[in-house]
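# Okay, sequence plus prediction incoming.
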Amino acid sequence: MRKGLCIILCLIPFLAFGQKKDEGNIVDKGIDWAVGMWNRAQKEGKPFAEKTIKQAPSYYKGIQTSLTDFARRVEKGDIAKTIEDKKKLVSELWRMRSAINLMSLLDPGVLKQLTGIDTSKFSEMQKTLQKTESKLAKAGVKAKA
């Protein structure tokens, strides 16, 4: 199941964008799954986070770039207009949020060792995520929690 976390977190965007028929339901399930996995990670704590990130360190290293690109799109106003597009946007947001939340459970030294992301970069990532979520909320795109 733990390996499934990494795989599913990586697949959520593909599931959201790859399905035309009933895509809203798939995106909703992906978001619900990400929320559920975060709840599980909170319960199981650091050992769960460390094992999960060790299984796919390159994925977690890439979250910084993904978040930067996502924040730039939102900053430029590239925000979805339709309900389906908003769900896709929220799915992408939850994918990044889940990864950042999972990384936040690690000790700073372990985070640096596994992903190469130091404390200052990670703090900046968290701030970027908060600012982006705030801009999306002002634009009418709210991620359910």
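Good, I have the coordinates.
# Just give the nearest non-adjacent residue to the residue nearest to the spatial centre of the chain, would you?
Within the chain, the residue whose C-alpha comes closest to the C-alpha centroid is Met96; the distance, by Cα atoms, centre = their mean, is 1.8 Å. Residue nearest to Met96 in three dimensions, not counting chain neighbours: Leu67, with 5.2 Å by Cβ to Cβ, 6 or more residues apart in numbering. C-beta: built from backbone N, CA, C; applies to glycine.
# so what secondary structure elements neighbour the helix or strand hosting the one you found?
For Leu67, the host element (DSSP states H and E) is helix 57-75. Secondary structure elements in contact with helix 57-75, counted by 3 or more Cβ pairs under 8 Å, 6 or more residues apart in numbering; DSSP states H and E, are helix 2-18, helix 83-104, helix 108-115, helix 119-138.
# and of these, who's closest to Asp32?
Closest approach to Asp32 among these (Cβ to Cβ): helix 83-104, 9.4 Å.
# what is the orientation angle of the closest one with helix 57-75?
With axes from the mean of the first three to the mean of the last three Cα atoms, to 10 degrees applied, the angle from helix 83-104 to helix 57-75 works out at 130 degrees.
# and helix 83-104, what's its mean pLDDT?
Helix 83-104 carries an average pLDDT of 85.
# again, but for stretch 50-67
Throughout stretch 50-67, pLDDT has a mean value of 90.
# Export it to CSV, keeping only CA atoms.
Extracted C-alpha coordinates of stretch 50-67, given in CSV (Å, rounded to 0.1, in the frame of the first residue of the first chain):
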residue,chain,number,x,y,z
GLU,A,50,10.4,8.5,5.0
LYS,A,51,9.6,5.1,3.4
THR,A,52,7.3,6.7,0.9
ILE,A,53,9.8,9.3,-0.2
LYS,A,54,12.6,6.8,-0.3
GLN,A,55,10.6,4.8,-2.9
ALA,A,56,10.4,7.7,-5.3
PRO,A,57,12.9,10.5,-4.4
SER,A,58,13.1,11.9,-7.9
TYR,A,59,9.3,12.5,-7.8
TYR,A,60,9.6,14.5,-4.6
LYS,A,61,12.6,16.4,-5.9
GLY,A,62,10.5,17.4,-8.9
ILE,A,63,7.7,18.8,-6.8
GLN,A,64,9.6,22.1,-6.4
THR,A,65,9.7,22.6,-10.2
SER,A,66,6.1,21.5,-10.6
LEU,A,67,5.0,23.9,-7.9
